[in-house]
Structures are given as structure tokens and as C-alpha cells.
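Asker: sequence and predicted structure, then a few things I'm wondering about:
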Amino acid sequence: MVSMKEVTKQLRAIGCDYALWGRSEIRELTNILMDEEKILQAVNGYYDGGFALLCLTNYRVLVVDKKPLALTVEDLRYDMIAEVDFSARVFTSVFHIYTPMRTLIFTSWSMRKLRASMNYIQQRIMELRNNDYLMNQFAQQPTSGSVRTAPTKRRPRQAVPQMELTHAEATEPTADFDAYRQPAKPLRNPYTKVPLLTRRRRYPSFY
């Protein structure tokens with residue numbers, strides 16, 4: 001658990017000490033942050049649940065929403081974030097954080113701080129992915145030193161008996177290939193059995 005004095009000191013160091021808005025969220029950070037966790041960015045704004053504080057630490061991304069009778073804390077680890085988007089408008093800026101489970105949309109009036117938060121998240125994501133890529137590359141490379149194995153004695157190969165071809169003489173005469181053929185059927189015209197019927201009118205043709 002981090003003391004309120006330490007939280008205030010870290011927020012003042014990054015220029016995010018809010019005197020009026022967000023004081024309840026800042027006090028709640030004392031119960032959320034770990035001992036070795038450092039605050040790197042913080043900005044006030046609102047998300048789909050209302051007013052909240054976006055706090056970036058060296059371990060995770062926190063969205064703290066403290067109300068008189070409710071508390072909401074969003075905890076996003078950097079390895080869970082798939083993509084981030086930032087868009088600035090005339091008065092506000094919108095920050096999208098995409099994860100495999102959900103999408104967090106955070107809007108703030110402080111464009112500079114929100115953009116700095118996006119840059120830091122992008123940097124952390126690239127560092128994590130590059131480290132994973134390098135670890136996989138080193139794991140796939142073979143060891144430089146060649147391992148020598150003791151020579152093994154070769155066993156003599158056993159001679160494989162070969163089969164001799166034998167010609168069996170048939171006691172009964174075999175039938176020719178033409179004997180197995182089906183007898184050819186004569187071609188029939190399918191229209192020869194169709195009856196030719198003429199239909200006569202019972203009444204005169206003008207009816």
C-alpha cells in the first residue's frame with residue numbers, strides 16, 4: 001500500500017496534481033498501487049461510466065472511477081493491449097484502447113497529456129513485442145559448441161535372402177479376356193415403342 005504523500009509527490013513530479021477534480025480518484029490510488037509501482041502519466045476525463053482518472057504506471061493502465069456509493073477500477077496490462085488510437089478535436093480528444101476482450105474509449109480536455117499517454121503505451125507495447133521476438137530468435141538458434149559423441153561400433157550387415165522367381169504351370173486352361181466381357185446389347189430406338197395417337201375433336205373447329 002502506497003501512502004497519500006507518495007502519490008501526491010509522484011503526481012506533482014509529472015505535473016498532474018489536481019486540486020479540485022479527481023481528488024477522490026487520487027485518494028483511491030493509495031489502495032490500488034503496489035509498493036514498487038510508479039505513476040508516469042495521469043489525466044482526467046470521462047469514459048462510458050462517467051468521470052474517471054486515467055493513470056499510467058510502469059506495470060499497467062488504470063482507469064479509476066470513484067463516486068460516493070460506487071467504485072470502478074479498470075486494470076489493463078500492457079501485454080493485453082492490441083492497439084491504441086488517438087483523435088483530437090476542437091475542444092476534446094478521444095483515446096481508444098483495444099484489447100481482445102473489450103474496447104476502452106476515454107475522452108479528455110487535456111490533449112497534450114492524453115497524447116503523451118498514448119505515446120507511452122505504444123512504446124511499452126513495442127518493447128514487449130520486440131523482447132518476445134528476440135527471445136524466440138535466441139531460442140531457435142543452435143548452440144555454438146558442437147557436441148562430440150563417442151564412435152559406435154558398426155555391426156556387420158546380415159545377408160538378406162533373396163526370393164527366386166518360380167513359374168507355376170496351370171493345370172487347367174484359362175479363359176481368354178474376351179470371355180469375361182458382357183454380351184453387347186443391340187441398340188434400340190426409344191421412340192419406336194411410343195404409341196402414335198391422334199386426337200379428334202368432338203365439336204366443330206369454330207368452338
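Answerer: Yep, it's here.
Asker: from here on, just use CA atoms for contacts and neighbour counts.
Answerer: Noted.
Asker: how about the top helix by length along the chain: buried residues?
Answerer: Using DSSP state H, we find that the single longest helix of the chain is helix 111-140. By neighbour count with 16 or more other CA atoms under 10 Å, helix 111-140 contains the buried residues 111, 113-115, 117-118, 120-122, 124-125.
Asker: export those to a markdown table and tack on pLDDT and distance to residue 76?
Answerer: Formatted as a markdown table, the buried residues of helix 111-140 follow (pLDDT from 0 to 100; distance: CA to CA, whole Å):
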| residue | pLDDT | distance to residue 76 |
| --- | --- | --- |
| 111 | 90 | 21 |
| 113 | 90 | 19 |
| 114 | 91 | 16 |
| 115 | 91 | 18 |
| 117 | 91 | 14 |
| 118 | 91 | 14 |
| 120 | 93 | 14 |
| 121 | 93 | 11 |
| 122 | 91 | 14 |
| 124 | 91 | 13 |
| 125 | 90 | 12 |
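Asker: which one of those is nearest residue 88?
Answerer: residue 111 (6.9 Å; CA to CA).
Asker: picking up where we left off before, turn the buried residues of helix 111-140 into JSON lines, columns for distance to residue 81.
Answerer: As requested, these are exported to JSON lines (distance: CA to CA, whole Å):
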{"residue": "111", "distance to residue 81": "21"}
{"residue": "113", "distance to residue 81": "19"}
{"residue": "114", "distance to residue 81": "17"}
{"residue": "115", "distance to residue 81": "17"}
{"residue": "117", "distance to residue 81": "14"}
{"residue": "118", "distance to residue 81": "12"}
{"residue": "120", "distance to residue 81": "13"}
{"residue": "121", "distance to residue 81": "9"}
{"residue": "122", "distance to residue 81": "9"}
{"residue": "124", "distance to residue 81": "10"}
{"residue": "125", "distance to residue 81": "8"}
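Asker: now, which of those sits nearest residue 41?
Answerer: Nearest to residue 41 among the buried residues of helix 111-140, with distances taken as CA to CA, is residue 117, at 6.1 Å.
Asker: list the beta-bridge partners for residue 105.
Answerer: Counting by DSSP bridges, residue 105 forms beta bridges with residue 96.
Asker: confidence score at it?
Answerer: Residue 105 is assigned 93 on the pLDDT scale.
Asker: same check on residue 133?
Answerer: On pLDDT, residue 133 comes in at 61.
Asker: likewise for the one 5 residues further on?
Answerer: Per-residue confidence (pLDDT) for residue 138: 65.
Asker: just give me the closest of the buried residues of helix 111-140 to residue 9.
Answerer: residue 113 (17.9 Å).
Asker: strands of the chain, start to end?
Answerer: Using DSSP state E, the strands of the chain run over 39-47, 50-57, 60-67, 70-77, 83-88, 93-98, 103-108.
Asker: tell me the angle of the fourth one relative to strand 93-98?
Answerer: Calculated by axes from the mean of the first three to the mean of the last three CA atoms, to 10 degrees, strand 70-77 forms an angle of 60 degrees with strand 93-98.
Asker: by contact count, what packs against the longest helix of the chain?
Answerer: The contact analysis (3 or more CA pairs under 8 Å, 6 or more residues apart in numbering; DSSP states H and E) places helix 111-140 against strand 39-47, strand 83-88, strand 93-98.
Asker: angle of that helix against strand 70-77?
Answerer: Using the same axes, to 10 degrees, helix 111-140 lies at 40 degrees relative to strand 70-77.
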